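# the sequence isn't on hand, but the structure is:
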Ligand SMILES: N=c1c2ncn([C@@H]3O[C@H](COP(=O)(O)OP(=O)(O)OP(=O)(O)O)[C@@H](O)[C@H]3O)c2ncn1[C@@H]1O[C@H](COP(=O)(O)O)[C@@H](O)[C@H]1O
């Protein structure tokens with residue numbers, strides 16, 4: 001597997017792990033705690049991480065930009081999982097905008 005494909009697999013695997021935390025023990029899993037706090041809290045956290053990310057970019061703090069971007073990806077995927085959006089849904093939309101056919105096996109994972 002190429003490095004590029006391995007990187008996308010990390011995102012895909014992280015998404016699956018996030019979904020697996022639904023209904024989990026909030027004491028044992030940060031993700032389960034976020035789900036238990038509800039959509040408004042997850043959305044708020046995503047907004048905070050977005051602001052922190054742009055602040056580090058504007059300050060020119062490359063290392064912190066990388067770290068905040070990882071937080072941003074994670075919280076975005078928690079929100080997707082909360083709303084039943086799968087990564088394939090987003091990749092399909094990006095592919096559609098580029099005028100190419102998307103991923104065949106489209107899955108929505110709400111529940
Ligand atoms: N990628 C992440 C990840 N990125 C960021 N975070 C957490 O997000 C939190 C952000 O910090 P904050 O102080 O803003 O949030 P907070 O502590 O909840 O504070 P408040 O909500 O009270 O403000 C930190 O606790 C980080 O550890 C993450 N927590 C988990 N994961 C991954 O998610 C998967 C499942 O993890 P668990 O749910 O912990 O099992 C594993 O692969 C983890 O590596």
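Cool, got the structure. Just so it is clear, the structure is predicted and the values come from calculations on it, not from any experiment.
# apart from its chain neighbours, what residue comes closest to the most centrally placed residue in the chain?
For the chain, the residue nearest the mean C-alpha position is residue 77 (2.1 Å; CA atoms, centre = their mean). Leaving aside its sequence neighbours, residue 77 sits nearest to residue 15 (CB to CB, 6 or more residues apart in numbering; 5.0 Å). To be clear about C-beta, it is placed using only N, CA and C from the backbone, and glycine gets the same treatment.
# tell me which residues in stretch 16-33 are buried?
18-19, 21, 29, 31-32 (16 or more other CB atoms under 10 Å).
# kindly report the residues of this structure close to the ligand.
14, 17, 21, 29-32, 45, 71, 74 (CB under 6 Å from any ligand atom).
# wait, isn't residue 76 in contact with residue 47?
No. The pair residue 76 / residue 47 is not scored as a contact, 10.8 Å apart, by CB atoms under 8 Å.
# these two: which has the busier surroundings?
The residue with more neighbours, out of residue 76 and residue 47, is residue 76; 17 against 11, by other CB atoms under 10 Å.
# what's the burial count for the residue nearest to residue 87 when sequence neighbours are not counted?
Closest residue to residue 87 apart from its sequence neighbours, by CB to CB, 6+ apart: residue 15 at 5.4 Å. For residue 15, the count of nearby residues is 22 (other CB under 10 Å).
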